[in-house]
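>>> Structure, please.
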Amino acid sequence: MRTSPSLRRKLISVAAVSAALVTAATASAAVAQETGAPEASAPAAQTEAAPGTVAERLIVGYKSGATEAKSNRAADADAVAKGKEAGEDLDFQRRLGTGAALVELGENLTKADVADVVAEYQADPQVAYVVPDRLNKPQATPNDPEYTKQWDLFETTAGMNVPGAWDVTTGTGVTVAVIDTGYVSHSDLGANVVAGYDFISDATMANDGNGRDSSPADPGDWTVDRECSSTWVGQSSSWHGTHVAGTIAAVTNNSKGVAGIAYGAKVSPLRVLGKCGGYDSDIIDAITWASGGTVSGVPANTNVAKVINMSLGGGGACTTATQNAINAAVNRGTTVVVAAGNSNANAANYSPASCNNVISVAATNRAGSRSSYSNYGSVVDIAAPGGETRTSSANGILSTLNSGAQGPSSENYDYYQGTSMAAPHIAGLAALMKSAASSLTPAQIESAIKTNSRALPGTCSGGCGAGLADAAKTVQAVSGSGGSTGGTTFTSSTAVSIPDSGAAIESSIAVSGRSGNAPSALQVGVDITHTYRGDLVIDLVAPDGTSYRLKAASSSDSADNVNTTYTVNASSETANGTWKLRVQDTAAQDTGRLNSWKLTF
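Predicted coordinates:
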């Protein structure tokens, strides 16, 4: 059921703290603040850096007109003033690449103390959002080494059909940013690695003797018992980023080791995960920098990435701070791929898996079923091989690694399993697609991957997105081998009003001069102004009356406007004729306008 306008505004305000979901607990906390109830009832999303760990830093986004949005001195003064009101010592640390402020809370604060500070910022009309600087963890589960075939690339049952894509492209000309633990030298990967950056600002967490610097070299992320929490069990170094990078772009046809999915592409390693994990604030700056944005104190990026892979995550829905960084990256033309998470739970409760404008990837096993650990749900976009090693390590994902239990030792290969291993399969596919058709937008890449996927050979309880990604079919579709995205464009620029909770409106485009059928990757560009796009249902209607659903209504989508490109498999339709875009507002209280739309054959 839709909410009233006043309640919706309240929910959207709370969403500035926990962006992708508004839980009952969040709503209760908002009411508690208004009625003077104890702040201890504030939801964990507002007060924790990780489950059970009180936040020590906040990310504060100011509205564009606020002085604090541009002046570090003003942001610092504001932190001091709000700390005084809350009875705490606050300290402005730095400006993030998105423009948000990182504020240090100090040590030994309780959740109630943090809630007091959050409430001070929330009460300020110049503050757009305030969220905790959360810790993120690698999403992999390492297993015993054993070398066998890379079933995930080519096995007919549950492989991703990668060799068929290599007939078209190998990813040349595309850089993929791997936002992870960094890179440890490996001869089967090094030729495809370009300069990156170390974004870990905490020297202890970085474990390399300093904070941020130009070297993304991975010194190891080993820990000892109780190092990260009172219940922490020590772990050997994971070399997680190197394993992920190898899946994407290990050197191929060199008579050594493994093959990379986009072995003609380059990898730029960005360090954000060290001992005990990594903070949102560092990840936000890495996303910004990777996609060509500016980060204070960091030199301009000379290897701007068209694809970002984030095989990492933490508990809690996507925050506004992280979402803003992702939105900006996508607006710059960078596709963002993320792991769904390894908790066998709804991915909507994890970040960045639940963020908008990402490709969220679930993991499948060698039988083509959802891996037992993989997260699931409506926010998952696609599934890819992630492995499952309960019966044999050969059922995991083999990639480049290092044998060092603490610091680097000799290079090797090993099997890991996890959605961390599934995500780079999709990042590699995105690189292949961008290489084959450089004009593809992030929305087109996501849509084409979904449209050209195949049904899971096995089962998936809870939802695994559009299906199992098929690299060959997808690359052939976008490159013109199975349909083209770079041909003639037909446009309707006649604006049509969308009535509030009314009948569907239609806009027509007459297509002529085409031969045969429409492509399997027909591009449908849509530009709609609307105050609550979750109300909208959008369909493409072919000349014979067949309807293709582009967008369904969603009560959880509270954003405005639709300005994106959908990909439709229209290969069964005759290209010539009158095509229609049908749009309907399904609920009351909001109006809009179809500004224009276009078809690209």
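>>> Tell me where the stretch 51-200 of the chain has strands.
With DSSP state E, counting those that start in this stretch as the criterion, the stretch 51-200 of the chain has strands at 53-54, 57-62, 91-95, 101-104, 127-132, 135-138, 141-142, 175-180, 197-198.
>>> helices or strands up against the last one?
This means strand 197-198. strand 266-271 (3 or more C-beta pairs under 8 Å, 6 or more residues apart in numbering; DSSP states H and E). Backbone N, C-alpha and C define where each C-beta goes, glycine included.
>>> Other residues contacting stretch 164-175?
By C-beta atoms under 8 Å, 6 or more residues apart in numbering, the list of residues contacting stretch 164-175 from outside reads 194, 249, 252, 261-268, 303-307, 428-429, 431-432, 434-436, 438, 471-476, 479, 481.
>>> Give the buried residues for that stretch.
By neighbour count on 16 or more other C-beta atoms under 10 Å, the buried set for stretch 164-175 is 164-166, 168-171, 174-175.
>>> Buried ones from the contacts of stretch 164-175, can you make that a PyMOL selection?
To isolate the buried ones among the contacts of stretch 164-175 in PyMOL, judged by 16+ other C-beta under 10 Å, type:
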select buried, resi 249+252+261+262+263+264+265+266+267+268+303+304+305+306+307+428+429+431+432+434+435+436+471+472+473+474+475+476+479+481
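>>> So which of the contacts of stretch 164-175 belong to helices?
Among those, the members falling in helices (DSSP state H) are 249, 428-429, 431-432, 434-436, 471-476, 479.
>>> Where do the helices of the stretch 351-500 of the chain begin and end?
Using DSSP state H, counting those that start in this stretch, the helices of the stretch 351-500 of the chain run over 419-436, 442-451, 471-479.
>>> With the stretch 101-250 of the chain instead?
Taking DSSP H, counting those that start in this stretch to define them, one finds helices in the stretch 101-250 of the chain at 111-122, 151-154, 163-166, 203-206, 240-249.
>>> Go through the ones you listed and name the closest to Ala77.
helix 111-122 (13.8 Å; C-beta to C-beta).
>>> what angle do that closest one and strand 127-132 make?
Interaxial angle, helix 111-122 versus strand 127-132 (axes from the mean of the first three to the mean of the last three C-alpha atoms, to 10 degrees): 160 degrees.
>>> how about helix 111-122: buried residues?
Residues of helix 111-122 classed as buried by neighbour count (16+ other C-beta under 10 Å): 111, 113-122.
>>> And stretch 291-311, by the same measure?
Using 16+ other C-beta under 10 Å as the burial criterion, the residues of stretch 291-311 that qualify are 291-293, 295, 298, 301, 303-311.
>>> which of these lies closest to Val358?
Nearest to Val358 among the buried residues of stretch 291-311: Met310, at 8.1 Å, using C-beta to C-beta.
>>> if I look at the closest residue to Gly65 other than its chain neighbours, how far off is Thr319?
Setting aside the residues directly before and after it, Gly65 is nearest to Gln126 in space (C-beta to C-beta, 6 or more residues apart in numbering), at 7.7 Å. Distance of Gln126 to Thr319, given as C-beta to C-beta, to the nearest Å: 19 Å.
>>> likewise Asp500?
Going from Asp500 to Thr319 by C-beta to C-beta gives 31 Å.
>>> Have a look at those two and say which one is more surrounded.
Between Asp500 and Thr319, counting by other C-beta atoms under 10 Å, Thr319 is the more crowded of the two (31 against 14).
>>> Do I have it right that that one meets Ala128?
No: if you go by C-beta atoms under 8 Å, Thr319 and Ala128 don't touch, sitting 11.9 Å apart.
>>> Which phi and psi values does Met310 adopt?
Dihedral angles of Met310 (phi, psi; degrees, to the nearest 10) stand at phi -130, psi 90.
>>> farthest residue from the center of the protein?
Gly513 (39.6 Å; C-alpha atoms, centre = their mean).
>>> what residue ranges in the stretch 101-250 of the chain are flagged as low confidence?
For the stretch 101-250 of the chain, applying pLDDT under 70 flags the ranges 139-148.
>>> how close does the residue nearest to the spatial centre of the chain sit to Asp500?
When the chain is reduced to its mean C-alpha position, the nearest residue by C-alpha atoms, centre = their mean turns out to be Val358, at 3.7 Å. Using C-beta to C-beta, Val358 is found at 31 Å from Asp500.
>>> do Ser403 as well
64 Å.
>>> Could you do Asp590 as well?
6 Å.
>>> Over to Ala123?
33 Å.
>>> Then Ser409?
Ser409 is 65 Å from Asp500, by C-beta to C-beta.
>>> Ok, Asp89 next?
Distance, Asp89 to Asp500, by C-beta to C-beta: 50 Å.
>>> before we move on, the earlier item: Ser281 is nearest to which of the strands of the stretch 51-200 of the chain?
Closest to Ser281 of the strands of the stretch 51-200 of the chain, according to C-beta to C-beta: strand 101-104, at 5.0 Å.
>>> other SSEs contacting the closest one?
Secondary-structure packing of strand 101-104 (3+ C-beta pairs under 8 Å, 6+ apart): strand 57-62, helix 72-86, strand 91-95.
>>> What residues of the longest one count as buried?
Along helix 72-86, the positions that meet the burial threshold by neighbour count (16+ other C-beta under 10 Å) are 74-76, 78-79, 82-83, 86.
>>> Quick check: of those residues, which lies closest to Ala518?
Ala75 (52.4 Å).
>>> Quick check: the closest one touching Ala101?
Yes: assessed by C-beta under 8 Å, Ala75 is found in contact with Ala101 at 4.4 Å.
>>> Mind listing the shared neighbours of those two?
Contact with both Ala75 and Ala101 is made by residues 60, 62, 68, 92, 95, according to C-beta under 8 Å, 6+ apart.
>>> okay if I get the strands of the stretch 51-200 of the chain as JSON lines plus distance to Gly386?
As requested, the strands of the stretch 51-200 of the chain are exported to JSON lines (distance: least, C-beta to C-beta, whole Å):
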{"stretch": "strand 53-54", "distance to Gly386": "27"}
{"stretch": "strand 57-62", "distance to Gly386": "30"}
{"stretch": "strand 91-95", "distance to Gly386": "35"}
{"stretch": "strand 101-104", "distance to Gly386": "33"}
{"stretch": "strand 127-132", "distance to Gly386": "29"}
{"stretch": "strand 135-138", "distance to Gly386": "13"}
{"stretch": "strand 141-142", "distance to Gly386": "10"}
{"stretch": "strand 175-180", "distance to Gly386": "16"}
{"stretch": "strand 197-198", "distance to Gly386": "27"}
